[in-house]
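> give me coordinates for this.
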Amino acid sequence: MGSSYFIQAAVFLIQVVFGLYVIAVMLRFMLASVRADFHNPLSQFIVKVTKPPLTPLRRIIPSYMRIDWATIVLLFIVQAAELLLITLVAAGRLPALPGLCVLTIAHLLQTVIYVYIFVIIVQVIISWVNPGAYNPATVLMYQLSEPIMRRVRNVIPPAGGFDWSPLVVLIGFQLMLILLVSPLMHMGQRLAV
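Numbers count the residues shown, from 1 in each chain. Okay, the predicted model is just below:
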């Protein structure tokens with residue numbers, strides 16, 4: 001009975017450490033893809049944290065068609081290592097490779113969606129509490145979410161002084177979690193056995 005508590009603690013620590021690093025690498029990729037301000041202190045921190053593994057990977061894997069493939073490969077490696085360690089600790093076995101690959105993709109998609117959901121909710125709250133406030137984090141959140149929000153605003157303009165784009169985007173992301181990520185998770189779990 002006591003060993004299950006240690007297993008739960010070990011799984012929790014693996015999820016926290018690897019999850020935070022996946023988010024850092026993912027933010028680096030996302031911020032670069034929207035051409036965010038890399039002089040921002042938060043951007044500098046993300047670059048500093050993710051630089052050590054990316055430098056050797058970039059020597060092997062070049063960017064192609066304006067996509068930083070080394071960052072994508074690093075994301076895949078770190079997420080797969082997390083799932084591999086969790087399965088090894090929790091179940092005492094290694095997952096099958098096809099299942100591990102599908103689960104890795106599903107978890108990365110889920111993380112991207114959760115990052116956007118978090119950013120949009122925080123922006124909405126800030127717009128209610130202290131609109132127009134400057135903070136390095138809010139600037140990056142705006143730069144990250146604005147390309148998506150702009151597309152939705154072009155289709156559904158603000159009405160009655162209310163911007164409906166955050167609500168529409170949040171509903172769309174929730175549908176993606178239900179219709180895309182959940183089936184991928186189930187398929188990966190079946191294949192991993």
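> is R93 in contact with G99, as I believe?
No. Contact criterion CB atoms under 8 Å: R93 and G99 do not qualify, at 11.6 Å. The C-beta positions use only the backbone N, C-alpha and C, and glycine is treated the same way.
> who has more neighbours out of those two?
G99 (18 against 10; other CB atoms under 10 Å).
> while we're on D37, how confident is the model there?
You'll see D37 listed with a pLDDT of 86.
> which residues does it contact?
If a contact means CB atoms under 8 Å, 6 or more residues apart in numbering, then D37 has 43, 139-140, 143 as its contacts.
> just the buried residues of these.
Buried members of those, counted by 16 or more other CB atoms under 10 Å: 43, 140, 143.
> just these now: which is nearest P56?
Checking those against P56 with CB to CB, the nearest one is S43 at 21.6 Å.
> do I have it right that the closest one meets A32?
No. Using CB under 8 Å, S43 makes no contact with A32, being 9.3 Å away.
> among the buried ones among the contacts of D37, name the ones in strands.
In strands, defined here by DSSP state E, there are no members of the buried ones among the contacts of D37.
> and the helix-or-strand element of the chain with minimal mean pLDDT, how far from the chain's centre?
None of the helices or strands of the chain scores lower by mean pLDDT, DSSP states H and E than helix 136-155, at a mean of 91. Helix 136-155 sits 16 Å away from the centroid of its parent chain (CA atoms, centre = their mean, to the nearest Å).
> what does stretch 163-173 give?
With CA atoms, centre = their mean, you get 18 Å for stretch 163-173.
> now do the buried residues in that stretch.
Across stretch 163-173, burial judged by 16+ other CB under 10 Å covers 163, 165-166, 168-169, 173.
> residues of stretch 74-81 that come out buried?
If you call a residue buried by 16+ other CB under 10 Å, then stretch 74-81 has these buried ones: 74-76, 78-81.
> cool, and stretch 37-51?
40, 42-43, 46, 50.
> just those residues: which are in helices?
42-43, 46, 50 (DSSP state H).
> what about I105, distance to I72?
Here I105 is placed at a distance of 11 Å from I72 (CB to CB, to the nearest Å).
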